[in-house]
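Asker: coords please:
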Amino acid sequence: MRSSWFNKLSIIIGPRPPVSWLILCMICLLALIAVLGSSSSNIIDSAPHTPESFIFTNYRRIKEQAAVDYLELRSVSLGVAGQRELDLCGKERENFVPCYNVSANLLAGLKEGEEFDRHCELSKEAERCLVRPPKDYKIPLRWPTGRDVIWSGNVKLTKDQFLSSGSMTKRLMLLEENQIAFHSEDGLIFDGVKDYSRQLAEMIGLGSDAEFPQAGVHNILDINCGFGSFGAHLASLKVMAICIAAYEATGSQVQLALERGLPAMIGNFIRRQLPYPSLSYGMVHCAQCGIIWEEKGGMFLIEVDRVLKPGGYFVLTLPSSTPQGSSSRVKKNTILTPMEELTQKLCWTLLAQQDETFIWQKTADIDCYASRRQHPIPLCKEQDDSRSYYKNLVPCISGTSSTRWISIQNRSSGSELGSAELKIHGNIAGVQPEDFYEDLQYWRSALKNYWSLLTPLIFSDHPKRPGDEDPLPPFNMIRNVMDMSANYGGLNAALLEEKKSVWVMNVVPASASNTLPLILDRGFAGAMHDWCEPFPTYPRTYDMLHANGLLSHLASERCSIIDLFLEMDRILRPEGWIILSDKVGSIEMARRVATQVRWEARVIDPQNGSDQRLLVCQKPFLKK
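Answerer: Numbers count the residues shown, from 1 in each chain. This is a model prediction of the structure:
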């Protein structure tokens with residue numbers, strides 16, 4: 001919808017002004033700002049009776065309006081202003097995931113699993129349209145009910161696929177009419193998830209799985225997580241388990257996990273590293289994940305070693321396929337024969353083996369690498385291996401020269417980090433302790449403001465549905481949160497302090513200061529991402545998107561704001577929320593683009609005397 005200012009401009013010079021006129025206007029506006037700035041002292045001298053605060057306020061407003069007008073002129077020149085609302089995509093893009101076009105990858109000659117990998121460089125610019133939900137899509141059930149029961153129409157797993165699946169899947173799930181129910185007591189392994197988790201704890205010398213955090217296991221990378229039952233149990237223990245699985249055309253593990261409100265993202269390491277820095281996780285878990293670890297000279301296992309913290313654990317559980325009468329010794333020899341040499345070269349120790357489950361522990365002693373036997377895997381020579389964004393897999397051991405080489409048993413037990421660890425991150429990413437604590441204080445206050453804004457909006461925009469209890473934000477509407485420019489993870493920390501039943505995907509922009517190692521060391525979920533590219537997730541997987549300063553940060557990048565908003569719309573659930581905090585010019589531009597993607601948008605002035613504004617939007621449920 002065009003603004004009155006734009007309509008006046010159209011009457012004067014026509015629907016699309018010449019570029020030369022636009023350039024002249026921009027120069028005039030910039031000259032006006034300079035004149036106002038240089039003459040402000042003269043204004044004060046000639047009008048001593050006028051309060052200085054009043055003059056400053058009006059001067060600031062003129063500067064803000066000049067910035068807004070400049071951005072609108074720029075948008076006119078780029079053909080953004082005055083565009084109508086974007087159309088809906090066709091049915092074929094209901095579950096569209098950019099950068100994962102298997103047929104195009106096959107045509108490009110990719111094979112041996114690489115066709116399922118992420119290839120944004122092969123993605124052609126698609127039509128700009130809004131990815132719509134399937135016909136049978138329903139708003140997910142409230143947490144924690146939504147953890148155990150989901151609508152079958154919301155995911156790509158069909159009834160026929162469910163019925164044709166194996167007995168293990170049928171134990172995990174129960175299909176009733178249009179719902180899929182997950183049995184919390186059943187799951188991944190024979191005796192249930194709880195017994196399996198307790199077994200792992202005992203195998204590494206703990207009394208129970210509740211002691212994982214005390215043992216330094218705060219975050220777990222769960223490879224090919226199935227339907228997320230292990231992660232769902234760990235969530236009750238305050239352990240962050242994030243599922244990664246390759247892109248799947250049907251029956252996606254990642255889509256199912258996110259639909260249940262569990263952390264997950266598309267990812268594999270067939271050819272490239274995961275978007276995590278070295279020394280990121282206390283445990284890497286693979287239960288019947290289907291990976292042949294000794295392939296490609298052990299490159300997959302070397303990548304696991306890269307993301308494991310010193311002293312961390314690699315858990316491998318094999319399928320229960322041993323012929324009746326075979327001994328566990330036969331199975332142990334079968335798995336150890338190809339892997340024993342590899343794990344010794346990596347300085348791993350086989351800590352325990354029980355039935356189909358093996359647990360190795362990564363060394364915390366750097367001197368171990370010098371004492372290895374012949375033909376060891378070499379150590380990587382790079383000085384800074386903390387930034388990993390889909391680099392090629394490397395045939396060397398990473399992280400040994402990092403100042404973050406600290407055993408998990410010697411790390412801080414909470415998310416606040418100790419002074420010694422903050423000092424390390426200060427050397428890596430320039431994190432100063434005073435800035436870290438000031439950031440946390442800021443987000444404690446900001447979170448209260450956010451929820452005071454959202455609560456009345458949810459009450460007014462979401463009247464009581466038939467059969468529902470009165471909504472209690474954020475427990476009903478919001479579970480999966482993405483902080484698109486997470487900095488130190490302060491919003492995540494504030495949410496935990498307030499005991500909000502949410503989890504946060506903390507995204508560090510690839511061009512920003514690399515604070516992802518700090519975020520992961522706090523035990524949070526996070527990833528590095530270039531916001532000029534699509535995020536590796538399925539449509540409709542997040543309830544809230546938050547970004548502080550991201551629009552200003554991306555102003556100098558090659559990104560288009562309309563493409564960014566289309567991506568945000570793709571990954572946001574219907575009736576989901578967006579909170580953008582930025583400078584007034586960026587927010588005004590964003591507000592206009594929000595109308596194109598059909599969001600309901602409100603600009604809010606925090607009334608703190610700054611040039612910051614909030615844009616609070618809601619994505620509507622566009623039914624067919």
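
Asker: quick one, phi psi at Asn392?
Answerer: Torsion angles at Asn392 (phi, psi; degrees, to the nearest 10) stand at phi -70, psi 150.

Asker: cool, Leu615 as well?
Answerer: The phi/psi pair for Leu615 (degrees, to the nearest 10) is phi -110, psi 110.

Asker: so it versus Cys532, what's the distance?
Answerer: To Cys532, Leu615 is 21 Å away according to C-beta to C-beta, to the nearest Å. In this view, the C-beta of every residue, glycine as well, is placed from N, C-alpha and C.

Asker: doesn't Lys309 fall inside a helix?
Answerer: No - judged by DSSP: H, G, I helix; E, B strand; the rest coil, Lys309 forms no part of a helix; its state is strand.

Asker: correct me, but it touches Ser280?
Answerer: Yes - Lys309 lies in contact with Ser280 (C-beta atoms under 8 Å); the separation is 7.0 Å.

Asker: so which of the two has more stuff around it?
Answerer: Taking other C-beta atoms under 10 Å, Lys309 and Ser280 do not tie; Lys309 has more neighbours (29 against 25).

Asker: quick check: closest non-adjacent residue to Leu518.
Answerer: What sits nearest to Leu518 in space, not counting adjacent residues and going by C-beta to C-beta, 6 or more residues apart in numbering, is His425, at 4.6 Å.

Asker: now Ile579
Answerer: Closest to Ile579 by C-beta to C-beta, 6+ apart is His546, at 4.9 Å.

Asker: now Pro98
Answerer: Closest residue in space to Pro98, ignoring its immediate chain neighbours: Pro534 at 3.8 Å, by C-beta to C-beta, 6+ apart.

Asker: how about Val239?
Answerer: Nearest residue to Val239 in three dimensions, chain neighbours excluded: Phe212, at 5.2 Å (C-beta to C-beta, 6+ apart).

Asker: just to revisit the earlier point, neighbour count for Leu615 and Cys532, which is higher?
Answerer: Leu615 (23 against 17).

Asker: sec struct for Arg128, please.
Answerer: coil.

Asker: contacts only, for Tyr276.
Answerer: 221, 307, 388, 516, 520, 526-528 (C-beta atoms under 8 Å, 6 or more residues apart in numbering).

Asker: same thing with Glu202?
Answerer: By C-beta under 8 Å, 6+ apart, the contact list for Glu202 is empty.

Asker: now it: which helix or strand?
Answerer: Using DSSP states H and E, Glu202 falls within helix 193-203.

Asker: next secondary structure after that helix?
Answerer: Moving toward the C-terminus from helix 193-203, the next helix or strand (DSSP H and E) is strand 219-223.

Asker: which of the contacts of Tyr276 count as buried?
Answerer: 221, 307, 388, 516, 520, 526-528 (16 or more other C-beta atoms under 10 Å).

Asker: out of the residues you listed, which one has the lowest pLDDT?
Answerer: Within the set of those, pLDDT is lowest for Ser388 (77).

Asker: give me the pLDDT value at the closest residue to that residue other than its chain neighbours.
Answerer: For Ser388, ignoring the flanking residues on the chain, the nearest one in space by C-beta to C-beta, 6+ apart is Gln273 at 4.9 Å. Gln273 is assigned 91 on the pLDDT scale.
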